[in-house]
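**Q** below: sequence and its predicted model.
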Amino acid sequence: MMVWVLAIATAIALAAVALAFHARAYVRRTEARFPPTGRFIEADGVRLHVREAGPIGAPRLLLIHGASANLLELWGPLADEFTPLHRVIAYDRPGMGHSTRAKRNGHTLASQAQCAARVLEACGEGPAIIVAHSLGAAVALRLALDHPHLVSGLVLIAPACNPYPGKPAWWARLSAAPVLGDIFCGLLVPWLGPAMSPASVANNFWPAPVPVGYFEAAGVPLIFRPRAFRASALDVCASKAEFAAQQPRYGDLLTPAIIVTAEKDKVVSPKRHARALAADLPAAELVIAPDTGHMPHRLRTDLVVAAIRRVNEMTAAQSEA
């Protein structure tokens, strides 16, 4: 009996060592494949990776990505369109991409909004139009609530921002758990994640197919590094309580806003989030992007571009009034 116990323990230990070596190799290989494309700023102890393009002093756009992503998610479809006449700024949210994360309260929307404010303060002057996707929309809303002088308008794409029933997915809860989460993210995610990602990404784009080249263009493999996966999971698991605390304040926001959503979305309910938010915000317009699932910015970029231009016109009219 003892021999069998020793053999099983040895096999588990060897498997753990092999998975740890694989994880370290995955991180090195992935970060070499998707290196930083911008500069780094310090924000209250957090090192944020920031990318900028366009004329210095031009009207500013800040792009805020959602969960399980990085700055390439919005930069790819939007930056080239706006850099001729705007200063486009994007950053990796704390813990994801190439940004580090606060050791305490990094999961809170207040902390996340503070990081976004620090990015804007370090990258020029004056308010910016904030373009945000999914969970990034909740950060954008908190930024507008807590730092209104930095926000002139909002474009919120498939927003996740209101309290919801049920619990996050099992893998998010496991990843966010103390000790077990570190083991799961540190050993298993770099091994299992890349193999399972096609189905997960397809879920985001449903009912449309995933665009050719999306995985490379959006830097999808970066999320399966242990620290990035756990950071995103911590954000997702905190979101229900964070949304519930923040949602009562939405009616106070007079910031011009356009919300772009699909009719159906397998990731975030448009009825519970986008449509409810449009009813809560006093100065919001709702745009429906048919058959785009959770990814209107990738599948109907033209509608998102038009929304940004519309908000720009609205903010310009306000400043002239």
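**A** Received it, and whenever you're ready, just let me know what you need. Residues are numbered from 1 along each chain as shown.

**Q** where does pLDDT dip in the stretch 101-250 of the chain?
**A** Regions of the stretch 101-250 of the chain meeting the criterion pLDDT under 70 are absent.

**Q** what ranges do the helices span in it?
**A** Along the stretch 101-250 of the chain, counting by DSSP state H, counting those that start in this stretch, helices occupy 109-122, 135-146, 170-176, 180-183, 189-205, 214-217, 226-246.

**Q** alpha carbons of the third one, as CSV, please.
**A** Taking Å, rounded to 0.1, in the frame of the first residue of the first chain, the C-alpha atoms of helix 170-176 are listed here in CSV:
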residue,chain,number,x,y,z
TRP,A,170,-16.6,27.9,-12.4
TRP,A,171,-13.1,28.5,-13.9
ALA,A,172,-13.3,32.2,-12.8
ARG,A,173,-14.3,31.2,-9.3
LEU,A,174,-11.6,28.6,-9.1
SER,A,175,-8.9,31.0,-10.5
ALA,A,176,-9.9,33.6,-7.9
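
**Q** can you list contacts of it?
**A** 167, 180-181, 184-185, 189, 229-230, 232-234, 236-237 (C-beta atoms under 8 Å, 6 or more residues apart in numbering). Any C-beta I mention is one placed from the backbone N, CA and C, and that applies to glycine too.

**Q** please spell out the PyMOL selection for the buried subset of those residues.
**A** In PyMOL syntax, the buried subset of the contacts of helix 170-176 is picked out as below (16 or more other C-beta atoms under 10 Å):
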select buried, resi 181+184+185+189+229+230+232+233+234+236+237
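
**Q** now the two most distant members of the contacts of helix 170-176.
**A** Using C-beta to C-beta, the two most remote members of the contacts of helix 170-176 are 167 and 189, lying 19.4 Å apart.

**Q** same list (the contacts of helix 170-176) but as JSON lines, adding distance to residue 173.
**A** Shown next, in JSON lines, are the contacts of helix 170-176 (distance: C-beta to C-beta, whole Å):
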{"residue": "167", "distance to residue 173": "7"}
{"residue": "180", "distance to residue 173": "10"}
{"residue": "181", "distance to residue 173": "9"}
{"residue": "184", "distance to residue 173": "10"}
{"residue": "185", "distance to residue 173": "12"}
{"residue": "189", "distance to residue 173": "14"}
{"residue": "229", "distance to residue 173": "13"}
{"residue": "230", "distance to residue 173": "12"}
{"residue": "232", "distance to residue 173": "13"}
{"residue": "233", "distance to residue 173": "8"}
{"residue": "234", "distance to residue 173": "11"}
{"residue": "236", "distance to residue 173": "9"}
{"residue": "237", "distance to residue 173": "6"}
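
**Q** between the contacts of helix 170-176, which sits nearest residue 305?
**A** Checking the contacts of helix 170-176 against residue 305 by C-beta to C-beta gives residue 232 as the nearest, at 27.0 Å.

**Q** give the contact list for the closest one.
**A** Residue 232 makes contacts with 67-68, 95-96, 172, 223, as judged by C-beta under 8 Å, 6+ apart.

**Q** for it, give its distance to residue 56.
**A** Distance of residue 232 to residue 56, given as C-beta to C-beta, to the nearest Å: 32 Å.

**Q** number of residues surrounding residue 296?
**A** Using other C-beta atoms under 10 Å, residue 296 is surrounded by 26 other residues.

**Q** so it is in contact with residue 289, correct?
**A** Yes. Counting by C-beta atoms under 8 Å, residue 296 touches residue 289, with 3.9 Å between them.

**Q** spit out the residues that contact the two alike.
**A** 260-262, 303-304.

**Q** dump the residues you listed into CSV; add secondary structure as well.
**A** CSV is the format used below for these (DSSP: H, G, I helix; E, B strand; the rest coil):
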residue, secondary structure
260, strand
261, strand
262, coil
303, helix
304, helix
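
**Q** among the residues you listed, which pair sits farthest apart?
**A** Longest distance between any two of these is 12.1 Å, between 262 and 304; criterion C-beta to C-beta.
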